[in-house]
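Asker: I need the structure of the sequence given here:
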Amino acid sequence: MTSRDWSGSFLRSARKLCAGVATLALVSCGGGGGSHAISSGGGSSSTGGSTIGAPAITLQLTNSAGAASNQVSTSSPLTAKATLVDASGTPVSNTLVSFSTGQNFTTISPLSAQVLTNASGVATVTLSVASLAIAQTQGGSGDVLTAQAAVDSTVAKGAAPFSIGATQVALSLAAPASGTVNVPAYSSTLIKVNVLANGAPYTSTPVSVDFQSACATSGKASMPATATTVNGQAVVTYTDKGCSSTDAVTITLAGATPITASMVDAAPTAASVEFVSATPAGEAIVIQGAGGNGRVETATLTFEALDTFGNPLPNETVNFSLNTSQPVTLGATAGVTDANGKVTVSVSSGTVPTTFRVIATLPSGQSTISDGITVTTGQPVQAAFSLSVGTPNIEGWQYDNTQTNVNILLADQNGNPVADGTPVVFQTDSGAIGSSTNGGCVTTNGGCSVTFRSQNPRYGLNNSAGKRPGVATVSVSTTSALYTLSGQIHIFLSGSQASNIVAVAPSGISVNSSGAFVLPCGSTTMTLYVGDLNYNPMPKGTTIAVAAALDPTNTSSAQILNFFPTQVAAESPETLIGSAVNPGTTHTLVFTPGGGAGAKNQCGSVGSGTNSGTLLITVTSPLGVVTTPQYPINFTYPK
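Answerer: Residues are numbered from 1 along each chain as shown. I've put the predicted structure just below:
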């Protein structure tokens, strides 16, 4: 249907409505031969005439140039002028006229869509396209503007048809005006875009414009993905974050042809290079040919190039050199940093132990040096085969499962700990060693330990195997690339009772026929040897106490001045070999006979003949075994 046909149909409907309702003036409804002039296309559209005896509204539509028009567009809103007259045709002032449309294609200003008539009976509103999207999608669509007002309890109405004019939307780059801008490294610039409707800035409503670029997507630049127009212009801030290339920013809006702005992002300047790390973590490799079993012959070093802003610098050349003339091989003399600004280089060992560092240098001259890397043989040597025991004299002769650790330390010919994972095997001729799953251990930082426990077999005095009584022999071995390395260490399986105690007086002290020491009245220093049944030392932690027995008159027969040591220390079979003459450990006793001053039987105080006294020794093992009866030391002295 053409606009003329559509307008005619609207008027015919309006006449029918006027004929049915005598009190309403819908378009200008005439009483008889009234007419309605509606122009098609861009002409004026109005309804005119009057109804005798009824108020009426006449609507006139004009464009922004003031010419009659029934087409509204983004660039040309319509002005709607409603003239209200009473039944006699006289303009009605100060009366509220309400405006409305049948669709939601347009907006009416003021937003209330209600205006009071002026002295000439005229009320004016502005009709605009509701949005740019409607202008794009509803071009050519028709609608009707209706105005109504109440005069003397009678409602007068007027209507005017209109259509939505076609709109061409375009984007125009306001900045950079040339379409290209140079952006210094890590700097910012503004991108400004005008939104045009039919060639004119579209300012009626805010519009969202989209911005996208490759560097923004990858994080090498930043800018808002969307910006809303203000007065027809969308503005975003573009910030370089190490793009180092020409970044094409694509700007889009629905219904408009995309446009592009080119950001020429300058590459940042290299400022420094830093050492990051080296592997293996211990920064030590072994000489050529000694690799395997956790030992590596190549070190990998990582460096990082940084720009003047302290950010990682990709695609930067880094040159490598060594600080030594020793025979090590540099894997490359140069490398290029990756996307994270990092570059690696490998160094392989030669045939001799040494230390070295790698120097990394930028083309602009800045340099750094790595941590030191050590090249070792990595193979254990017999001279650095070291064994030890946590407690070498355990209470293990009468008791099972008394435990101690056996430790080994291994190093190469340069004194460097052997590589982690070197296996070591342990064996014992008495007790048990290791675990149910492993009879040995593997080294960490050149050392490892296993647990020894007391149990059968045990070998005592005069054993048929010819073994040292009460001693476990632990044999330990490992291998280097060419040789088997081995060693032995021993552990006392000490008894819990002090079966052998020997008191030895100093030179000049005799023993009488009763076995008692014949002492002078002065202080005497005696040596005590305390051992178990195999003449071995008591277990570590055994305590030894000495007390003077009282004579029948309850007067002390001796005064103990000193006794040391009172506790058995760690004693190794490697350094202590007991016998029946001097079993176990050595202790010193200092005392005087006859008690203190004023004692009844004080040494040499009265008369002639001799008095006697006794010292009692008590030995208690770590597991609480007390040697009984208490060991006596008998002596005589003059009175």
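Asker: and whatever helix or strand A150 lives in, which strands flank it?
Answerer: Using DSSP states H and E, A150 sits in strand 142-151. If you go by DSSP bridges, strand 142-151 pairs up with strand 96-101 (antiparallel), strand 154-164 (antiparallel).
Asker: Using a markdown table, lay out the ones you listed together with mean pLDDT.
Answerer: As requested, the strands paired with strand 142-151 are exported to a markdown table (pLDDT from 0 to 100):
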| stretch | mean pLDDT |
| --- | --- |
| strand 96-101 | 97 |
| strand 154-164 | 95 |
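Asker: Need the winner for burial among those strands.
Answerer: Stretch with highest mean neighbour count among the strands paired with strand 142-151: strand 154-164 (a mean of 23; mean count of other CB atoms under 10 Å). C-beta coordinates here come from the backbone N, C-alpha and C atoms, glycine included.
Asker: what separates that strand from the chain centre, distance-wise?
Answerer: Averaging C-alpha coordinates over strand 154-164 and over its chain gives two centres that are 70 Å apart (CA atoms, centre = their mean, to the nearest Å).
Asker: Skip ahead from it and say which helix or strand is next.
Answerer: Next element after strand 154-164 (DSSP H and E): strand 169-175.
Asker: Show me what that following strand is packed against.
Answerer: Applying 3 or more CB pairs under 8 Å, 6 or more residues apart in numbering; DSSP states H and E, one finds that strand 169-175 makes contact with helix 132-137, strand 188-197, strand 246-252, strand 259-265.
Asker: what does that strand contact?
Answerer: For strand 169-175, contacts defined as CB atoms under 8 Å, 6 or more residues apart in numbering pick out 132, 135-136, 179, 181, 190-197, 199, 202, 209, 233, 251-253, 255-259, 261.
Asker: What subset of the residues you listed is buried?
Answerer: The neighbour-count criterion (16 or more other CB atoms under 10 Å) marks 132, 135-136, 181, 191-197, 202, 209, 233, 251, 253, 256, 259, 261 among the contacts of strand 169-175 as buried.
Asker: From D371, how far off is P638?
Answerer: 79 Å (CB to CB, to the nearest Å).
Asker: Of those two, which one has the most company?
Answerer: Neighbours were counted for P638 and for D371 using other CB atoms under 10 Å; P638 has more, 17 against 11.
Asker: Bridged to that one, which residues?
Answerer: Beta-bridge pairing for P638 (DSSP bridges): T610.
Asker: wouldn't it be in contact with C521 here?
Answerer: Yes - contact criterion CB atoms under 8 Å: P638 and C521 qualify, at 6.9 Å.
Asker: Spit out the residues that contact those two alike.
Answerer: Contacts common to P638 and C521, judged by CB under 8 Å, 6+ apart, are 603-604.
Asker: In the record's domain split, what are the boundaries for the chain?
Answerer: What automatic domain parsing lists as the domains of the chain is 3-164, 169-265, 271-374, 382-493, 500-638.
Asker: Mind telling me which of those domains the model trusts least?
Answerer: Comparing mean pLDDT over the domains of the chain, the weakest stretch is domain 3-164, at a mean of 76.
Asker: Could you pull out the helices in the stretch 1-150 of the chain for me?
Answerer: For the stretch 1-150 of the chain, the helices defined by DSSP state H, counting those that start in this stretch cover 3-20, 132-137.
Asker: name the helices or strands packed onto the shortest one?
Answerer: Packing partners of helix 132-137 (3+ CB pairs under 8 Å, 6+ apart): strand 169-175, strand 188-197.
Asker: can you tell which of the helices and strands packed on strand 169-175 is closest to V345?
Answerer: The closest of the helices and strands packed on strand 169-175 to V345 is strand 259-265. By CB to CB, the value is 29.4 Å.
Asker: Next, the buried residues of the following helix or strand past that closest one.
Answerer: As assigned by DSSP H and E, the chain's next helix or strand after strand 259-265 is strand 270-279. Across strand 270-279, burial judged by 16+ other CB under 10 Å covers 270-273, 275, 278.
Asker: CA atoms only: put strand 270-279 into PDB for me.
Answerer: Once non-C-alpha atoms are left out, strand 270-279 reads as follows in PDB (Å, rounded to 0.1, in the frame of the first residue of the first chain):
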ATOM      1  CA  ALA A 270      66.700  -3.400  26.300                       C
ATOM      2  CA  ALA A 271      68.000  -2.300  29.700                       C
ATOM      3  CA  SER A 272      69.400  -5.300  31.500                       C
ATOM      4  CA  VAL A 273      69.800  -9.100  31.500                       C
ATOM      5  CA  GLU A 274      69.500 -11.200  34.700                       C
ATOM      6  CA  PHE A 275      70.500 -14.700  35.700                       C
ATOM      7  CA  VAL A 276      67.400 -16.700  36.700                       C
ATOM      8  CA  SER A 277      68.300 -20.300  37.500                       C
ATOM      9  CA  ALA A 278      70.500 -23.300  36.800                       C
ATOM     10  CA  THR A 279      69.700 -27.000  36.700                       C
END
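Asker: Distance to P363 added to the helices and strands packed on helix 132-137, as a markdown table?
Answerer: Compiled in a markdown table, the helices and strands packed on helix 132-137 are given as follows (distance: least, CB to CB, whole Å):
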| stretch | distance to P363 |
| --- | --- |
| strand 169-175 | 36 |
| strand 188-197 | 29 |
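Asker: ok, I633 touching F591?
Answerer: No - using CB under 8 Å, I633 makes no contact with F591, being 9.3 Å away.
Asker: Now for those two: what residues contact both?
Answerer: Common contacts of I633 and F591 (CB under 8 Å, 6+ apart): 526, 615.
Asker: ok, now which ones touch the nearest residue to Y459 once chain neighbours are set aside?
Answerer: Distances taken as CB to CB, 6 or more residues apart in numbering place K467 nearest to Y459, at 4.3 Å, with adjacent residues excluded. Counting by CB under 8 Å, 6+ apart, K467 touches 429-430, 459, 473.
Asker: quick one: which of those is most hemmed in?
Answerer: S430 (24 neighbours).
Asker: Tell me where the stretch 351-500 of the chain has strands.
Answerer: Here the stretch 351-500 of the chain has its strands, by DSSP state E, counting those that start in this stretch, at 354-356, 358-361, 367-369, 373-376, 385-389, 393-394, 403-410, 423-428, 432-433, 440-442, 447-453, 471-479, 484-493, 500-504.
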